[in-house]
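> With the sequence up front, the predicted model follows.
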Amino acid sequence: MLEYVTDRWDRLSLQAFLHVSAVVQCTVLAAVLGVAIGVAVYRSPVGSALATALASTILTIPSFALLALLIPVFGLGADTTVVALVLYALLPIVRNTIVGLAGVDPAVSDAARGIGMSRVGVLTRVELRLAWPAILAGMRVATQMLMGIAVIAAYAKGPGLGSEVFSGLANAGSANAMNQALTGTIGVVVLALLLDGVYVLVNRLTVSRGVRG
Amino acid sequence: MAEEGIEIRLDHVTKRFPGQKAPAVDDFSMVVPAGEIVVFVGPSGCGKTTTMRMINRLIEPTSGTITIGGEDALRIDPDELRRRVGYAIQQAGLFPHFTVAQSIGIVPGLLGWDKKRIADRVEEMMDLVGLDPAEFAGRYPRQLSGGQQQRVGVARALAADPPVLLMDEPFGAVDPITRGHLQDELLRLQSELHKTIVFVTHDFDEAVKLGDKIAVLGDRSTILQYDTPDAILTNPADDTVAGFVGAGASLKALTLTRVRDVELGQAVTARADADPSTVDLRGEKFLLVLDRRDRPVRWVHQNELRRASSLASVGSPVQDSVSLQSTLRDALEAMLTEGGRAVVTGSRGEYVGTVDLATVTEFVQQLRATA
Ligand SMILES: Nc1ncnc2c1ncn2[C@@H]1O[C@H](COP(=O)(O)OP(=O)(O)OP(=O)(O)O)[C@@H](O)[C@H]1O
Ligand SMILES: [Mg+2]
């Protein structure tokens, strides 16, 4: 297998890069979207419940089914993959944003307004900053989830290590099939662990020492 | 330099929360004089906080007018208004992710001060509230005690030098001793700064100690009495106020008077290195022994004195003393500890005189007579 990997290093490393790149970009996109949704609804209990329920519903759709639904709209390729990944990543991020924002001590928000911060200022300088560890935790879960789901996206001809796994499965019995599927799978696991390490680092760098546990 | 207080005027201010039949604040009118501390006291839920929060428009009045320094507060942009009105609340409401220095620098930052000026101001404010900048500037709220957090809260409220300060039970969440210190500090600050302060509490003793005037509020924020602490203590407007003032009004009046305001008595004193046989008690029962720097150390009874060969170790130690700034109530407490007279010391701890029970009773009787 080692030989298999070294022989095809160029192609594999490109696939690995594309895999990680797709997952990271989709997580970031989902974070922007998810935080926006969270900010829009967190003051209303009904809105919060609705947004969480909706995002949970998406998560219950099996990934193959979702891809099958999306392919007619977005065609085969990257677009479908991106849409599917972003949708799946929304739930943990939206939910954690809502929980994080709702968990901010009302006295702190009140004091922020009381000393003359604008609504936007209170949100961006205080509330979101305090909810950030929760949001980041949501992104971390989302990333882990997407690493696996992105494999399935190869079914829609998306980028990444999924194509290794799929062609391995398709050619089952042939000389390199086992190597191919294994390389794809192990590659995804290793990359997922690496990304997790990156999250630990990002957490260290971006969470204020005043709120770090 | 520091901006002194300006007058706050509330005129027929009413607040009706949506979906509530009775208004939370009903036709409230009051003038808060420039540079004075006005304390709102009253039972829980009577509308103290609501009334106060209308001054900086955290709550919008349903009707009525509020002017601050002659300016119509309802016409000022609310965010602008709040940057000009200091605000300190219970538990301090500090931002967990801001250091002490960042917290204090927020409002100056919002007002667009440059970095250097903010840094200087932060340092000045920390000195003012008794937090050493070198030690505390970089700390986060969770690294501070409750009392230190409250100090930061006050410093934050004062940082942009607002003429008006609103304080909602700012010392409500700390132990009685720390609260006493914080109150003393606020009074010291106020004697330098002369801000207009509206202070909310439901601790009447705190109101008596801090207020230039006290507003005793009843349901729907109706003003039951608005007067000086003396007047309320000695002459409560009605039974409700009397009930709120509570038993022991005379005792509370003692917190209004400082030791320096009454005539001090004198004990017979001698230095510790004096010869006991040369001491003349002049008919007194006790001798007060002072150390080399005139600080009181021990009381010696006449019988002990007669037997003593040196003053270096006889007698019982002075347990408790009071300063000229202490209240008569503190003095009374010291008397009870000492069992007789309280020793009064000056700024360096040196002996200046004594207060005894007769002085206190006389003072209370005078107060009654003039009421
Ligand atoms: N945002 C609000 N919405 C509806 N009702 C409110 C609101 N804020 C206060 N109230 C009501 O207004 C009344 C006065 O409340 P307020 O907080 O001013 O009392 P308080 O005198 O400060 O009491 P405490 O001493 O307990 O702090 C209460 O009956 C309270 O239920
Ligand atoms: Mg209140």
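Yep, it's here. Ligands and ions are numbered 1, 2, ... in the order given.

> contacts, neighbours, all on C-alpha from now
Fine.

> how far does the longest helix along chain A sit from the chain's center?
Determined from DSSP state H, the single longest helix within chain A is helix A:9-41. Distance of helix A:9-41 from its chain centroid, counting by C-alpha atoms, centre = their mean, to the nearest Å, is 6 Å.

> now for that helix, which elements pack on it?
helix A:45-60, helix A:78-102, helix A:128-152, helix A:177-206 (3 or more C-alpha pairs under 8 Å, 6 or more residues apart in numbering or on different chains; DSSP states H and E).

> What is the subsequent helix or strand relative to the first one?
So the one you mean is helix A:45-60. Counting by DSSP states H and E, the next helix or strand C-terminal to helix A:45-60 is helix A:63-74.

> Kindly report the same for the third one.
Scanning forward in sequence from helix A:128-152 by DSSP H and E, the next helix or strand is helix A:162-170.

> got the angle for that following helix vs helix A:177-206?
150 degrees (axes from the mean of the first three to the mean of the last three C-alpha atoms, to 10 degrees).

> neighbours around residue B:199, how many?
26 (other C-alpha atoms under 10 Å in any protein chain shown).

> Could you do residue A:9 as well?
So residue A:9, with other C-alpha under 10 Å, has 12 neighbours.

> mind listing what it touches?
Contact analysis of residue A:9 by C-alpha atoms under 8 Å, 6 or more residues apart in numbering or on different chains lists nothing.

> Chain B versus that one, what's the distance?
45 Å (C-alpha to the nearest C-alpha, to the nearest Å).

> Residue ranges in chain A under the pLDDT threshold?
Applying pLDDT under 70 to chain A picks out residues A:213.

> what do you get for the stretch 201-350 of chain B?
Ranges of the stretch 201-350 of chain B meeting pLDDT under 70: B:247-250.

> Please repeat the previous calculation with a cut-off of 80.
Within the stretch 201-350 of chain B, the segments meeting pLDDT under 80 span B:243-253, B:255-256, B:337-340.

> Now do the helices in it.
With DSSP state H, counting those that start in this stretch as the criterion, the stretch 201-350 of chain B has helices at B:204-210, B:229-234, B:239-245, B:249-253, B:302-307, B:328-338.

> Could you work out which of these reaches nearest to ligand 1?
Shortest distance between ligand 1 and the helices of the stretch 201-350 of chain B, using C-alpha to the nearest ligand atom, is found for helix B:204-210: 12.0 Å.

> Can you pull the phi/psi pair for residue 8?
All of this is about chain A. Torsion angles at residue A:8 (phi, psi; degrees, to the nearest 10) stand at phi -110, psi 30.

> that's the other chain; I wanted chain B
With angles defined as degrees, to the nearest 10, residue B:8 sits at phi -110, psi 130.

> how many neighbours does residue B:302 have?
Using other C-alpha under 10 Å, residue B:302 is surrounded by 16 other residues.

> OK, contacts around it?
Per C-alpha under 8 Å, 6+ apart, neighbours of residue B:302: B:281, B:285, B:286, B:287.

> same thing but at 7 Å, please
B:285, B:286 (C-alpha atoms under 7 Å, 6 or more residues apart in numbering or on different chains).

> ok, it to residue A:14 distance?
Counting by C-alpha to C-alpha, to the nearest Å, the separation of residue B:302 from residue A:14 is 101 Å.

> burial of the closest residue to residue A:103 other than its chain neighbours, as a residue count?
Take residue A:103 and drop its neighbours on the chain: the residue closest to it by C-alpha to C-alpha, 6 or more residues apart in numbering or on different chains is residue A:131, 7.6 Å away. Residue A:131: 22 surrounding residues under other C-alpha under 10 Å.
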